[in-house]
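>>> any chance you can model this:
(chains A, B, C and D)
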Amino acid sequence: MKTVTRAPSGALERDTARARPAEQTRPGWRTGLAGAMKRYGPYAEAALGAVTAIGMLLTIWAALVYAPTDLIEGPVQRIFYIHVPMAWLAYLAFFLVAAASVMYLITRDDRWDWFARANAEIGAVFTTFVLITGSLWGKSFWGAWWVWDARLTTTLILWFIYVVYLVVRSFWGRTAQGARNAAVYGILAFFVVPINYEAVTWWRTLHPSEVLPLGGTPQLPPAMVIALLLSLGAFTLLFAFLLLQVYRLERAQATVERLRAQLEEE
Amino acid sequence: MGNMFLIASYAVLWVGLLVYIGWVALRMRGVQGEVETMRDLIAERERQAEARATKLAQSAKLTAQTASAAKTPKRQPGAPVAKAQRR
Amino acid sequence: MRLAWGQLWAIVGKDLRLELRTRQVWMSMGVFALLALLIFSFAFDLRVENKAAVGPGALWVAFIFASMLGLGRNIAAEQERGPMDRLLLCPVDRTVIYLAKVIGNVIFIGVVEAVALPVFAALYDLPIITGLIVLITLLGTIGIAAVGVIFSALAANTRAREFLLPLLVFPIIIPVVLGSVRATEALVNPIHGDPPWLGLIIAFDIICLSVSAILFQFVVEE
Amino acid sequence: MSAPTTAIRSVSPARWSAPRQSETPGDTGAQPDETTADDEYQRDQSPQAIVVERLTKVFDARPVLRGVSFSLGQGRTLALLGPNGAGKSTLLRILATLSRPTGGRVIVMGHDLAREANAARWAIGYLGHQTGLYGELTARENLLFFARMYGLRDGAKRADALLARVGLRARANDHVGKFSRGQAQRLALARGMLHDPAVLLLDEPDTGLDEDALALLSELLDERTRQGQTTLFTTHQLARGLAQSHQTLVLLRGRVAYDGPSAALDLAAVCDLYGGEA
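Numbering: from 1, shown residues only, chains lettered A, B, ... in the order given. Predicted coordinates:
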């Protein structure tokens, strides 16, 4: 406890808040939105959670009961209804990490950084599930837990990139430098993914082809397509729900860091 | 045979998801606890500091431009007072 | 523009001069690459029919590991006294610094590779010393250096920089590894209808160089 | 008055020559409109070399600068004082374009640093805590390298002249890694002035310098003033700092505690501003 004390309480907090000076003072749609979020946020979140839970239960029903059994692959084909949506969402998360990283470098708004981190974490979790379910399917259908096929290998590389992202972030800590570094890594990794995919495809391919060829007629029976779309919707909701939770966690952790800095400073 | 793998993958997914959600909730609880304790600590410190500042504010007068300020007594919270004058 | 060109070569020349003076890095990289080749000859079965398949892989793994040594050193040396301030103070575009560092590293790694390649060809008895191997090696090395320079700058101001660098680099340079190994293999054992691996490496080099050149400024800022 | 304060008081202010009693920019004709004695504070009348407006810098939730505003006229010398952790070095690094401010505006020689950093870098010379030299290169090679980075045509001539100026001609071809702290600091000073910057920023240039080098430093500062060039330096030697400068800026915990003519400030007043923090 040395000298300067800024008397009015709360001044301290304003002082150390990150570089978003205008936003907090300017009235307008942002403030209105923030107010609405504060008032209705908890209900909306509860609703989202409830809808997600219902959707997931519906997915189980649709995937295990409603959809017909595949003639060639047998019941194990039903893994596909959880495997494919998660894979798509993992790729989406990967894209969102890169997009949020770009936004962070442009605006230097920490919220983009939290968003990127949350996406990377959920992306890593989803990719892990994709690898596990894919591996189980492979053991049943190909007779091997793992084959060095293009799609599998790319997904594995993706998983490694996420894990490295999360590991180095924990190394860099919650610093502005770390956020910038992570953003650079996220963007560069995203640009490399298509080349990666191309390279690995030239290398070897075994994986079943696209299930819903864009523009062409689906090869699947309609009941299967409906089950897949239902599952995709449910998993997207799950993704959004988890993203919201992890984003909040990131924000809370940033608050802890800020408060800790304040305490040290006094 | 195929059924076993099907059940295994759904089980892994659901158990895994629940574990993950539980882990997130646990971390959230930990962080919120930390925030609370720090908020309390900071509020406590500010209350103390404010009390001291008001006590000392009347006695501490500083005009930065003149050397006469050198005679002012101990100036712990003096600096902000000086600043206020400059504004 | 002319100034940028002059600055580019000023940095490259300075780095070369520094490395020539110290010499440890060149030496250790070269010895490391040769040692790796030696170890691989024990690790893999090198019978006649096997050599063509295993050799190029061994060669590139040796190159990549040796490159990691050099890349980590180069940026660390720049930051030894002050975080690169001396370069950042100059009115020089950050892209120029990045490109200069890539060129410098390509030259360092290239020299080491030039020594290791004939030794490799002799040890493994593979007819790979052709004009094309120079092109393959050059393109592959550019890819490694393009990714390596920006990531070593990322890792430089971190504790545990030595083990962070390969962690960051390896998942990203997989296309280069794949492309270079396959292209080298095709020299020994040409396959009809082989995909255009060189084109893949070129695409990787262009994308990585351009994206990193833009992003480098964010890595070095404070 | 606390103990460290008296320690500062006891430092003799006589070491650096004091230019403001003898010569002002106006006297030498570099700034014809400035003819009055230096005691009269007149930064608003000369063109501004540095303008800083509401500058803030937050390092990972730790505020270092909290709204610093000041300006410095061309041809003037500013002493930046303040206890450790006041934000002096951070302010200097921002002025040198090495650090990016969190908020506020900085204009150096008419260039807004946020938009025209590279243009401003031509006008800025900076000497930080680190010497910023390459240990494995010789003194001359170091200067030649930086001359090439600035695209100077007469790099060799300038390098030789500067080496002579800082008294390192005899050691021009020795590796910098073998230099003593003082010698390296002299060379770093030469590096900072290689491109003849309009604004020179020196972060504690007097640390580790011997008597000769200190004399050289103050000579260089005088010379710059005579030529109408601007200098901004930080120091812990308060008396020297006040004696050597036209303007003084005292930072306290990231805020400006004093901004005015050095002549209006004496040691006691500075110590007083520091409070118990020095």
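>>> show me what from chain C comes close to chain A.
C:147, C:150-151, C:154, C:157-160, C:164, C:167-168, C:171-172, C:174-175, C:178-179, C:182, C:195, C:197, C:200, C:203-204, C:207-208, C:211-212, C:215, C:218-219, C:221-222 (CB under 8 Å from any CB of the partner chain). C-beta coordinates here come from the backbone N, C-alpha and C atoms, glycine included.
>>> which ones among the residues you listed also lie next to chain D?
Checking the residues of chain C next to chain A against chain D (CB under 8 Å from any CB), the matches are C:221-222.
>>> in the worst-scoring helix or strand of chain C on mean pLDDT, which residues are buried?
The weakest-scoring helix or strand in chain C, judged by mean pLDDT, DSSP states H and E, is helix C:48-78 (a mean of 83). For helix C:48-78, burial by neighbour count (16 or more other CB atoms under 10 Å in any protein chain shown) applies to C:51-52, C:54-64, C:66-78.
>>> what's the helix or strand containing B:Val35 packed up against?
Per DSSP states H and E: B:Val35 is located in helix B:2-57. In terms of contacts (3 or more CB pairs under 8 Å, 6 or more residues apart in numbering or on different chains; DSSP states H and E), helix B:2-57 is packed against helix A:80-107, helix A:110-141, helix A:222-265, helix B:78-86.
>>> what angle do the third one and helix A:80-107 make?
So the one you mean is helix A:222-265. Orientation of helix A:222-265 against helix A:80-107 (axes from the mean of the first three to the mean of the last three CA atoms, to 10 degrees) gives an angle of 40 degrees.
>>> and helix A:222-265, how far out from the chain's middle?
7 Å (CA atoms, centre = their mean, to the nearest Å).
>>> distance-wise, check the residue of chain C found nearest chain B relative to C:Gly104.
Here chain C gets closest to chain B at one residue, C:Pro171, 22.9 Å apart by CB to the nearest CB. Relative to C:Gly104, C:Pro171 is positioned 24 Å away (CB to CB, to the nearest Å).
>>> likewise for A:Arg251?
A:Arg251 is 42 Å from C:Gly104, by CB to CB.
>>> spell out which parts of the stretch 1-150 of chain D neighbour chain C.
D:93, D:96-100, D:118-119, D:121-122, D:124, D:126, D:128-137, D:141, D:145-146, D:148-150.
>>> so which of those sit within strands?
The strands, defined by DSSP state E, take in D:124, D:126 from the residues of the stretch 1-150 of chain D next to chain C.
>>> what number of residues lie near B:Leu26?
10 (other CB atoms under 10 Å in any protein chain shown).
>>> tell me which helix or strand the residue nearest to D:Ile50 when sequence neighbours are not counted sits in.
Leaving aside its chain neighbours, D:Ile50 sits nearest to D:Leu72 (4.3 Å; criterion: CB to CB, 6 or more residues apart in numbering or on different chains). Under the criterion of DSSP H and E, D:Leu72 resides in strand D:62-73.
>>> pairing partners for that strand, with directions?
Under the criterion DSSP bridges, strand D:62-73 sits next to strand D:48-59 (antiparallel) in its sheet.
>>> give me the residues contacting the strand it pairs with.
By CB atoms under 8 Å, 6 or more residues apart in numbering or on different chains, the surrounding residues in contact with strand D:48-59 are A:16, A:18-19, A:176, D:63-76, D:78, D:87, D:90-91, D:94-95, D:99, D:101-109, D:198-199, D:230, D:232, D:254.
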